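Trainee: show me the folded form of this:
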Amino acid sequence: MGGPKFDVTTDKGINAFNGFMGSKSYVEGYQFSDADSDLFAKFVSCPAADKLPNAYRWFIHIAALNGVRGLSMAAPSAAPATAPEPKAAAAPKKAAKKVEAKAEDDDDDFDVFGDDDEEEEEPKETRAEMLQRMKIAAEERLAIKEKKQRTLVTLEVKPWSTETDLKALWTKITTEIAQPTLKWGQNCHLADVAYGIKKICMSFTMGMQDSS
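Mentor: This next block holds a predicted model:
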């Protein structure tokens, strides 16, 4: 992931990120990218809306873009007001009707054979499980991206004399030097150096991690 990096697992890192997002909507550029998803996956919890408003706004926005539910844009509200005193009990006649109606509903729901057609509700994903899932997905996307990235290298090989067979030398180099991600060019080019001596111009590509 390019651009600025923040350790959002520490107070210093999350505060720095909150300041950085003061005038931004996304981590890189002006639209949603993998950089947002990768950083989002590193959060262990939702930032506090009152202390980290910019980080909180970004977190909620990225969560919505990633399809995460159960998060709200509203800041934490004050403690709920005390519940009002319950009203006086209803008349005995109304209470009796409710008991009778409930008994009828229970009779309708009773299954003689013990079959339960209602499917059990699937357990909801916790915040920690959601963050872990998104972290794994971000790491997989990053691994795929790095696997596709390759480095192109151009080489020039100059012989000691005009008697050197440059084609044979090129064939020897490309067949004897091999690595897992190394791929030699299909052919080479012979260029004049001086006094009838030529040099081999050749190229190869290799994986980004193996090029350092």
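
Trainee: let me see the ranges of the helices in this protein.
Mentor: Taking DSSP state H to define them, one finds helices in the chain at 11-20, 34-40, 53-65, 92-109, 127-148, 166-176.

Trainee: return the set of buried residues in the last one.
Mentor: Spelled out, that is helix 166-176. For helix 166-176, burial by neighbour count (16 or more other Cβ atoms under 10 Å) applies to 166, 170, 173-174. Backbone N, C-alpha and C define where each C-beta goes, glycine included.

Trainee: before we move on, what about the third one?
Mentor: Of the residues in helix 53-65, 54-63 count as buried by neighbour count, 16+ other Cβ under 10 Å.

Trainee: who's in contact with it?
Mentor: 8, 14, 17-22, 24-26, 32, 36-37, 40, 43, 46-49, 71-73, 75 (Cβ atoms under 8 Å, 6 or more residues apart in numbering).

Trainee: before we move on, back to that, closest one to T205 among the helices of the chain?
Mentor: For these, proximity to T205 was assessed by Cβ to Cβ; helix 127-148 is nearest, at 11.7 Å.

Trainee: let's see that closest one as CSV, backbone CA atoms only.
Mentor: Output of helix 127-148 as CSV, limited to C-alpha atoms (Å, rounded to 0.1, in the frame of the first residue of the first chain):
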residue,chain,number,x,y,z
ARG,A,127,-17.1,-6.9,15.2
ALA,A,128,-13.8,-8.7,15.9
GLU,A,129,-14.7,-11.5,13.4
MET,A,130,-15.6,-8.9,10.7
LEU,A,131,-12.3,-7.1,11.2
GLN,A,132,-10.3,-10.3,11.0
ARG,A,133,-12.2,-11.4,7.8
MET,A,134,-11.4,-8.0,6.2
LYS,A,135,-7.8,-8.2,7.3
ILE,A,136,-7.3,-11.6,5.7
ALA,A,137,-9.1,-10.4,2.5
ALA,A,138,-6.8,-7.3,2.3
GLU,A,139,-3.7,-9.5,2.8
GLU,A,140,-4.8,-11.8,0.0
ARG,A,141,-5.4,-8.9,-2.4
LEU,A,142,-1.9,-7.5,-1.5
ALA,A,143,-0.2,-10.8,-2.1
ILE,A,144,-1.9,-11.2,-5.5
LYS,A,145,-0.9,-7.6,-6.4
GLU,A,146,2.7,-8.2,-5.5
LYS,A,147,2.8,-11.5,-7.3
LYS,A,148,1.7,-9.8,-10.6
